[in-house]
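> Next input, structure requested:
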Amino acid sequence: MDTNAIMGYISLGLSVAGIVLGVINHRRIRSNCCGRIGEVALDIDKSSPLLNGTITKRVETGSDKS
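I've put the predicted structure just below:
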């Protein structure tokens, strides 16, 4: 097998994984079978910085210092 075929299979696998992840993201799967209850949730949020250049800063109010 040549390098192009291997790279093709890798890119196909990554594409399929991305599609599956996009479909089940922010979903909850529940199962009730034979009296056992199972629940799985998947939440993946974007963690990239803002593109417009704004910076948010959390300002704490009150004085906790002694």
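> Every contact and neighbour count from this point should use C-alpha atoms.
Fine.
> element containing residue 30, please.
Residue 30 is part of strand 27-33 when elements are defined by DSSP states H and E.
> Would you state the strands of this protein in chain order?
27-33, 36-42 (DSSP state E).
> Which elements pack onto the strand holding residue 30?
strand 36-42 (3 or more C-alpha pairs under 8 Å, 6 or more residues apart in numbering; DSSP states H and E).
> Sheet-wise, list the partners of the strand it packs on with their directions.
Here strand 36-42 is paired, per DSSP bridges, with strand 27-33 (antiparallel).
> What are the contacting residues of the partner strand?
Here strand 27-33 makes contact (C-alpha atoms under 8 Å, 6 or more residues apart in numbering) with 37-43.
> Give me the buried positions along that strand.
By neighbour count with 16 or more other C-alpha atoms under 10 Å, strand 27-33 contains no buried residues.
> Next, count neighbours for residue 46.
Residue 46 has 5 neighbours, counted by other C-alpha atoms under 10 Å.
> Nearest to residue 5, out of the strands of the chain?
strand 36-42 (32.4 Å; C-alpha to C-alpha).
> can you tell me the average pLDDT over the closest one?
For strand 36-42, mean pLDDT is 84.
> Give me the below-cutoff pLDDT ranges for this structure.
1, 47-66 (pLDDT under 70).
> Check the contacts of strand 27-33 and tell me the two furthest apart.
37 and 43 (20.2 Å).
> the helices in the protein, which residues?
3-24 (DSSP state H).
> Now neighbour count and distance to residue 21 too, for the contacts of strand 27-33, in TSV please.
Formatted as TSV, the contacts of strand 27-33 follow (neighbours: other C-alpha atoms under 10 Å; distance: C-alpha to C-alpha, whole Å):
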residue	neighbour count	distance to residue 21
37	9	24
38	10	20
39	9	18
40	9	14
41	11	12
42	12	9
43	9	10
